[in-house]
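Peer 1: What follows is a predicted structure for the sequence shown.
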Amino acid sequence: MKKVLSIAGSDCSGGAGIQADLKTFSAHGVFGMSVIVSVVAENTSRVIDIQDITPDMIEKQIDAVFEDIEVDAIKIGMLSTKPCMEAVAKKMEEYKPKNIVIDPVMYAKNGCSLMDDNSIETLLKVVLPYADLLTPNIPEAEKISNIKISNKEDMKIAAKIIYEMGCKNVLIKGGYYIENALDVLYDGKEHYYFETKRIDTKNTHGTGCTFSSAIASNLALGMTMPTAIKQAKEYITTAIEHSLDIGKGNGPTNHFYDLYKNGLDVSEDK
Ligand SMILES: Nc1ncnc2c1ncn2[C@@H]1O[C@H](COP(=O)(O)OP(=O)(O)O)[C@@H](O)[C@H]1O
Ligand SMILES: Cc1ncc(COP(=O)(O)OP(=O)(O)O)c(N)n1
(Lines give C-alpha, C1' and ligand atoms only; values in the text may rest on other atoms or scores of the structure.)
(Ligands and ions follow the chains in the order given, each with its own letter.)
Protein backbone atom coordinates (compact mmCIF):
# COMPACT_ATOMS: atom_id res chain seq x y z
CA MET A 1 0.00 0.00 0.00
CA LYS A 2 1.34 3.46 -0.87
CA LYS A 3 1.90 5.75 2.11
CA VAL A 4 1.02 9.46 1.98
CA LEU A 5 1.71 12.06 4.67
CA SER A 6 -0.21 15.25 5.34
CA ILE A 7 1.61 18.05 7.17
CA ALA A 8 -1.13 20.57 7.92
CA GLY A 9 -3.57 22.10 10.39
CA SER A 10 -6.45 20.31 12.12
CA ASP A 11 -10.02 21.42 11.26
CA CYS A 12 -12.19 20.17 14.12
CA SER A 13 -15.32 20.49 11.93
CA GLY A 14 -13.89 17.83 9.60
CA GLY A 15 -14.22 19.43 6.15
CA ALA A 16 -10.74 20.89 5.59
CA GLY A 17 -7.17 20.51 6.87
CA ILE A 18 -5.79 17.19 8.12
CA GLN A 19 -9.28 15.69 8.37
CA ALA A 20 -10.06 16.33 4.68
CA ASP A 21 -6.61 15.06 3.73
CA LEU A 22 -6.99 11.75 5.57
CA LYS A 23 -10.47 11.17 4.11
CA THR A 24 -9.11 11.87 0.63
CA PHE A 25 -6.18 9.47 1.14
CA SER A 26 -8.58 6.72 2.24
CA ALA A 27 -10.85 7.37 -0.74
CA HIS A 28 -7.80 6.83 -2.98
CA GLY A 29 -6.77 3.56 -1.32
CA VAL A 30 -3.50 4.94 0.04
CA PHE A 31 -2.36 4.77 3.69
CA GLY A 32 -2.76 8.22 5.25
CA MET A 33 -0.52 9.71 7.96
CA SER A 34 -0.60 13.15 9.58
CA VAL A 35 1.74 15.64 11.20
CA ILE A 36 -0.31 18.33 12.93
CA VAL A 37 1.17 21.82 12.62
CA SER A 38 -1.71 23.85 14.12
CA VAL A 39 -4.95 23.10 15.91
CA VAL A 40 -7.67 25.32 14.47
CA ALA A 41 -10.96 25.89 16.29
CA GLU A 42 -13.10 26.42 13.19
CA ASN A 43 -16.34 25.35 11.56
CA THR A 44 -18.18 25.86 8.29
CA SER A 45 -18.71 29.56 9.09
CA ARG A 46 -15.71 30.91 10.96
CA VAL A 47 -12.29 30.47 12.49
CA ILE A 48 -12.45 31.00 16.26
CA ASP A 49 -8.83 30.49 17.27
CA ILE A 50 -5.54 28.92 16.21
CA GLN A 51 -2.96 27.24 18.40
CA ASP A 52 0.31 26.26 16.79
CA ILE A 53 2.15 23.12 17.77
CA THR A 54 5.73 23.95 18.84
CA PRO A 55 8.42 23.68 16.12
CA ASP A 56 10.19 21.04 18.22
CA MET A 57 7.04 18.88 18.32
CA ILE A 58 6.43 19.38 14.58
CA GLU A 59 9.97 18.13 13.93
CA LYS A 60 9.53 15.16 16.27
CA GLN A 61 6.29 14.12 14.52
CA ILE A 62 8.08 14.22 11.15
CA ASP A 63 11.01 12.23 12.59
CA ALA A 64 8.59 9.65 14.03
CA VAL A 65 7.12 9.03 10.58
CA PHE A 66 10.36 9.01 8.60
CA GLU A 67 12.43 6.86 10.97
CA ASP A 68 9.82 4.11 10.57
CA ILE A 69 7.91 4.39 7.31
CA GLU A 70 8.77 5.00 3.68
CA VAL A 71 6.76 7.97 2.46
CA ASP A 72 5.54 7.89 -1.17
CA ALA A 73 4.13 11.43 -1.27
CA ILE A 74 3.52 14.42 0.98
CA LYS A 75 0.83 17.06 1.02
CA ILE A 76 1.79 20.22 2.93
CA GLY A 77 -1.09 22.52 3.89
CA MET A 78 -1.56 25.27 6.46
CA LEU A 79 1.75 26.55 7.90
CA SER A 80 0.64 29.48 10.00
CA THR A 81 3.90 31.10 11.11
CA LYS A 82 7.58 31.45 10.27
CA PRO A 83 8.76 28.96 12.97
CA CYS A 84 6.31 26.29 11.67
CA MET A 85 7.56 26.85 8.11
CA GLU A 86 11.21 26.64 9.17
CA ALA A 87 10.63 23.40 11.11
CA VAL A 88 8.93 21.73 8.12
CA ALA A 89 11.53 22.98 5.61
CA LYS A 90 14.38 21.74 7.83
CA LYS A 91 12.92 18.23 7.79
CA MET A 92 12.23 18.29 4.04
CA GLU A 93 15.93 19.13 3.58
CA GLU A 94 16.95 16.29 5.92
CA TYR A 95 14.72 13.52 4.50
CA LYS A 96 14.47 14.70 0.88
CA PRO A 97 11.10 12.98 0.26
CA LYS A 98 9.62 12.64 -3.23
CA ASN A 99 6.30 13.94 -4.57
CA ILE A 100 5.79 17.02 -2.39
CA VAL A 101 2.53 18.90 -3.08
CA ILE A 102 2.31 22.24 -1.26
CA ASP A 103 -1.00 24.08 -0.86
CA PRO A 104 0.07 27.58 0.28
CA VAL A 105 -2.98 28.10 2.52
CA MET A 106 -3.42 31.76 3.49
CA TYR A 107 -7.14 32.23 4.11
CA ALA A 108 -10.19 30.05 4.72
CA LYS A 109 -13.10 30.49 2.31
CA ASN A 110 -14.97 32.51 4.94
CA GLY A 111 -12.17 35.10 4.74
CA CYS A 112 -10.47 34.25 8.03
CA SER A 113 -6.68 34.36 7.98
CA LEU A 114 -4.81 31.06 8.46
CA MET A 115 -1.30 32.41 7.88
CA ASP A 116 0.50 35.24 9.61
CA ASP A 117 0.87 37.98 6.95
CA ASN A 118 4.51 38.58 7.90
CA SER A 119 5.41 34.98 7.01
CA ILE A 120 4.89 35.18 3.24
CA GLU A 121 8.59 35.88 2.55
CA THR A 122 9.55 32.77 4.53
CA LEU A 123 6.94 30.71 2.70
CA LEU A 124 8.39 31.77 -0.65
CA LYS A 125 12.08 31.55 0.23
CA VAL A 126 12.18 28.61 2.65
CA VAL A 127 9.22 26.35 1.80
CA LEU A 128 8.33 26.90 -1.88
CA PRO A 129 11.61 25.45 -3.27
CA TYR A 130 10.63 22.01 -1.91
CA ALA A 131 7.42 21.92 -3.96
CA ASP A 132 7.16 19.40 -6.77
CA LEU A 133 3.79 21.11 -7.16
CA LEU A 134 2.52 24.36 -5.62
CA THR A 135 -1.30 24.79 -5.71
CA PRO A 136 -2.31 28.38 -4.93
CA ASN A 137 -5.90 29.58 -5.46
CA ILE A 138 -6.39 32.96 -7.14
CA PRO A 139 -5.96 35.23 -4.06
CA GLU A 140 -2.88 33.23 -3.01
CA ALA A 141 -1.44 33.35 -6.54
CA GLU A 142 -2.03 37.13 -6.63
CA LYS A 143 -0.18 37.57 -3.33
CA ILE A 144 2.73 35.37 -4.43
CA SER A 145 3.10 36.73 -7.99
CA ASN A 146 2.19 40.31 -7.12
CA ILE A 147 -0.12 40.65 -10.14
CA LYS A 148 -3.92 40.95 -10.38
CA ILE A 149 -5.55 37.85 -11.88
CA SER A 150 -8.87 38.31 -13.69
CA ASN A 151 -8.79 35.77 -16.53
CA LYS A 152 -7.02 32.80 -18.11
CA GLU A 153 -4.24 34.96 -19.61
CA ASP A 154 -3.45 36.42 -16.17
CA MET A 155 -3.41 32.90 -14.70
CA LYS A 156 -0.83 31.84 -17.31
CA ILE A 157 1.39 34.86 -16.57
CA ALA A 158 1.13 34.38 -12.79
CA ALA A 159 1.95 30.67 -13.14
CA LYS A 160 5.19 31.55 -14.99
CA ILE A 161 6.15 34.15 -12.37
CA ILE A 162 5.56 31.68 -9.52
CA TYR A 163 7.43 28.89 -11.34
CA GLU A 164 10.46 31.20 -11.61
CA MET A 165 10.48 31.42 -7.79
CA GLY A 166 11.73 27.84 -7.63
CA CYS A 167 8.93 25.26 -7.52
CA LYS A 168 8.99 22.45 -10.11
CA ASN A 169 5.35 22.84 -11.17
CA VAL A 170 2.63 25.33 -10.30
CA LEU A 171 -1.13 24.82 -10.55
CA ILE A 172 -3.28 27.92 -10.15
CA LYS A 173 -6.81 26.97 -9.08
CA GLY A 174 -9.50 29.21 -10.50
CA GLY A 175 -12.49 27.33 -9.10
CA TYR A 176 -14.05 29.92 -6.91
CA TYR A 177 -13.03 33.06 -8.73
CA ILE A 178 -12.96 32.47 -12.49
CA GLU A 179 -16.18 31.91 -14.48
CA ASN A 180 -15.54 28.23 -15.19
CA ALA A 181 -13.69 25.98 -12.74
CA LEU A 182 -10.44 26.40 -14.68
CA ASP A 183 -7.07 25.38 -13.23
CA VAL A 184 -3.80 26.17 -15.04
CA LEU A 185 -0.63 24.05 -14.66
CA TYR A 186 2.80 25.32 -15.71
CA ASP A 187 5.79 22.95 -15.65
CA GLY A 188 8.45 25.34 -16.93
CA LYS A 189 7.77 24.45 -20.56
CA GLU A 190 4.06 24.17 -21.23
CA HIS A 191 0.74 25.27 -19.83
CA TYR A 192 -1.94 22.60 -19.26
CA TYR A 193 -5.62 23.39 -18.64
CA PHE A 194 -8.08 21.52 -16.44
CA GLU A 195 -11.58 22.88 -16.83
CA THR A 196 -15.06 21.89 -15.71
CA LYS A 197 -18.30 23.80 -15.43
CA ARG A 198 -18.70 25.72 -12.21
CA ILE A 199 -21.03 23.89 -9.80
CA ASP A 200 -23.56 26.18 -8.16
CA THR A 201 -23.20 25.33 -4.47
CA LYS A 202 -22.13 27.07 -1.28
CA ASN A 203 -20.78 23.78 0.10
CA THR A 204 -17.14 24.01 -0.91
CA HIS A 205 -15.38 23.97 2.48
CA GLY A 206 -12.07 22.15 2.07
CA THR A 207 -11.96 21.97 -1.74
CA GLY A 208 -8.31 23.08 -1.88
CA CYS A 209 -7.20 20.61 0.82
CA THR A 210 -9.08 17.77 -0.83
CA PHE A 211 -7.75 18.57 -4.31
CA SER A 212 -4.08 18.78 -3.24
CA SER A 213 -4.39 15.55 -1.23
CA ALA A 214 -5.95 13.78 -4.21
CA ILE A 215 -3.03 14.92 -6.39
CA ALA A 216 -0.50 13.70 -3.77
CA SER A 217 -2.30 10.33 -3.61
CA ASN A 218 -2.20 9.98 -7.39
CA LEU A 219 1.51 10.85 -7.50
CA ALA A 220 2.15 8.20 -4.83
CA LEU A 221 0.25 5.74 -7.04
CA GLY A 222 2.76 6.43 -9.81
CA MET A 223 0.89 8.81 -12.11
CA THR A 224 2.64 11.59 -14.01
CA MET A 225 1.92 15.15 -12.86
CA PRO A 226 -0.67 16.01 -15.57
CA THR A 227 -2.46 12.67 -15.12
CA ALA A 228 -2.43 12.98 -11.32
CA ILE A 229 -4.04 16.43 -11.64
CA LYS A 230 -6.58 15.30 -14.28
CA GLN A 231 -7.76 12.40 -12.07
CA ALA A 232 -7.79 14.59 -8.95
CA LYS A 233 -9.86 17.18 -10.81
CA GLU A 234 -12.45 14.48 -11.59
CA TYR A 235 -12.45 13.45 -7.93
CA ILE A 236 -12.88 16.99 -6.53
CA THR A 237 -15.57 17.80 -9.10
CA THR A 238 -17.60 14.74 -8.06
CA ALA A 239 -16.99 15.54 -4.38
CA ILE A 240 -18.32 19.09 -4.94
CA GLU A 241 -21.26 17.88 -7.05
CA HIS A 242 -22.32 15.68 -4.12
CA SER A 243 -21.17 18.04 -1.36
CA LEU A 244 -22.89 17.86 2.00
CA ASP A 245 -25.23 20.44 3.51
CA ILE A 246 -23.65 20.09 6.95
CA GLY A 247 -23.27 23.13 9.20
CA LYS A 248 -24.63 26.66 8.84
CA GLY A 249 -21.95 28.01 6.50
CA ASN A 250 -20.02 26.42 3.61
CA GLY A 251 -20.61 22.69 4.00
CA PRO A 252 -17.92 20.09 3.22
CA THR A 253 -17.32 18.14 0.04
CA ASN A 254 -18.34 14.48 -0.14
CA HIS A 255 -15.07 12.54 -0.02
CA PHE A 256 -16.65 9.10 -0.25
CA TYR A 257 -19.40 9.66 -2.80
CA ASP A 258 -18.06 6.94 -5.12
CA LEU A 259 -17.89 4.46 -2.25
CA TYR A 260 -21.45 5.03 -1.08
CA LYS A 261 -23.30 5.92 -4.28
CA ASN A 262 -24.51 2.36 -4.82
CA GLY A 263 -25.16 1.88 -1.10
CA LEU A 264 -22.46 0.31 1.07
CA ASP A 265 -23.58 -3.13 2.24
CA VAL A 266 -22.79 -3.33 5.95
CA SER A 267 -24.90 -6.36 6.78
CA GLU A 268 -23.17 -8.77 9.19
CA ASP A 269 -24.28 -12.13 7.76
CA LYS A 270 -21.97 -12.10 4.74
N1 LIG B 1 -18.00 25.74 -7.49
C2 LIG B 1 -17.08 24.93 -8.06
N3 LIG B 1 -17.41 24.14 -9.10
C4 LIG B 1 -16.51 23.32 -9.68
N5 LIG B 1 -15.24 23.23 -9.28
C6 LIG B 1 -14.84 23.99 -8.25
C7 LIG B 1 -15.72 24.88 -7.57
N8 LIG B 1 -15.05 25.51 -6.57
C9 LIG B 1 -13.80 25.01 -6.62
N10 LIG B 1 -13.65 24.12 -7.63
C11 LIG B 1 -12.43 23.37 -7.96
O12 LIG B 1 -11.95 22.81 -6.75
C13 LIG B 1 -10.53 22.78 -6.76
C14 LIG B 1 -10.01 23.55 -5.57
O15 LIG B 1 -10.00 24.93 -5.90
P16 LIG B 1 -10.34 26.16 -4.95
O17 LIG B 1 -11.70 25.98 -4.37
O18 LIG B 1 -10.12 27.39 -5.77
O19 LIG B 1 -9.25 25.98 -3.83
P20 LIG B 1 -9.18 26.66 -2.38
O21 LIG B 1 -10.06 25.84 -1.48
O22 LIG B 1 -7.73 26.55 -2.05
O23 LIG B 1 -9.69 28.07 -2.52
C24 LIG B 1 -10.13 23.34 -8.13
O25 LIG B 1 -10.01 22.29 -9.07
C26 LIG B 1 -11.29 24.22 -8.48
O27 LIG B 1 -11.37 24.46 -9.87
C1 LIG C 1 -6.87 23.61 9.17
C2 LIG C 1 -7.27 24.19 7.86
N3 LIG C 1 -6.43 24.08 6.81
C4 LIG C 1 -6.77 24.62 5.61
C5 LIG C 1 -7.98 25.28 5.45
C6 LIG C 1 -8.35 25.90 4.14
O7 LIG C 1 -8.83 24.89 3.37
P8 LIG C 1 -9.37 25.01 1.89
O9 LIG C 1 -9.32 23.68 1.28
O10 LIG C 1 -8.67 26.11 1.19
O11 LIG C 1 -10.87 25.31 2.14
P12 LIG C 1 -11.63 26.58 2.57
O13 LIG C 1 -11.28 26.99 3.94
O14 LIG C 1 -11.24 27.59 1.55
O15 LIG C 1 -13.03 26.15 2.48
C16 LIG C 1 -8.83 25.35 6.56
N17 LIG C 1 -10.03 25.97 6.48
N18 LIG C 1 -8.45 24.82 7.75
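Peer 2: Looks like it came in fine. Here the structure is a predicted model, which means the values were calculated and not measured. Ligands and ions are numbered 1, 2, ... in the order given.
Peer 1: okay, how far is it across stretch 161-172, tip to tip?
Peer 2: With Cα to Cα, to the nearest Å as the measure, stretch 161-172 spans 12 Å from end to end.
Peer 1: swap in stretch 157-173?
Peer 2: Length of stretch 157-173, first residue to last, Cα to Cα: 14 Å.
Peer 1: what comes into contact with it?
Peer 2: Stretch 157-173 is contacted by residues 102, 124, 128-129, 131-138, 141-142, 144-147, 149, 155, 183-188, 191, 208, 211, 215, 225, 229 when judged by Cβ atoms under 8 Å, 6 or more residues apart in numbering. Glycine gets a C-beta too; all of them are placed from N, C-alpha and C.
Peer 1: Contacts only, for residue 21.
Peer 2: Residues near residue 21 by Cβ under 8 Å, 6+ apart: 6, 8, 32, 34, 75, 77, 209, 210, 213.
Peer 1: By neighbour count, sort out the buried ones in the contacts of stretch 157-173.
Peer 2: 102, 124, 128-129, 131-138, 141-142, 144-145, 149, 155, 183-187, 208, 211, 215, 225, 229 (16 or more other Cβ atoms under 10 Å).
Peer 1: So for stretch 147-162, what gets flagged as buried?
Peer 2: 149, 152, 154, 155, 158, 159, 162.
Peer 1: Keep only those of these that are in helices.
Peer 2: 152, 154, 155, 158, 159, 162 (DSSP state H).
Peer 1: How much space separates the second one from ligand 2?
Peer 2: When Cβ to the nearest ligand atom, to the nearest Å is the yardstick, residue 154 and ligand 2 sit 20 Å from each other.
Peer 1: That residue contacts residue 145, correct?
Peer 2: No: using Cβ atoms under 8 Å, residue 154 is not in contact with residue 145; the gap is 9.1 Å.
Peer 1: Look up the closest residue to the closest residue to ligand 1 within the stretch 51-200 of the chain, ignoring the ones flanking it.
Peer 2: Using Cβ to the nearest ligand atom, residue 175 is the residue of the stretch 51-200 of the chain that sits closest to ligand 1, at 2.4 Å. Excluding the flanking residues, the one nearest residue 175 by Cβ to Cβ, 6 or more residues apart in numbering is residue 181, at 4.5 Å.
Peer 1: For that neighbour, which phi and psi angles does the backbone take?
Peer 2: phi -80, psi 80 (degrees, to the nearest 10).
Peer 1: so what pLDDT did it get?
Peer 2: Per-residue pLDDT puts residue 181 at 94.
Peer 1: quick one, what contacts it?
Peer 2: 174, 175, 195, 196, 197, 198, 199, 237.
Peer 1: Now intersect those with the helices, please.
Peer 2: Checking the contacts of residue 181 against DSSP H, those in helices are residue 237.
Peer 1: Of the contacts of residue 181, which count as buried by neighbour count?
Peer 2: Applying 16+ other Cβ under 10 Å to these flags 174, 175, 196, 237 as buried.
Peer 1: any idea how far the first one is from residue 182?
Peer 2: Same thing as residue 174. Applying Cβ to Cβ, to the nearest Å, the value for residue 174 to residue 182 is 4 Å.
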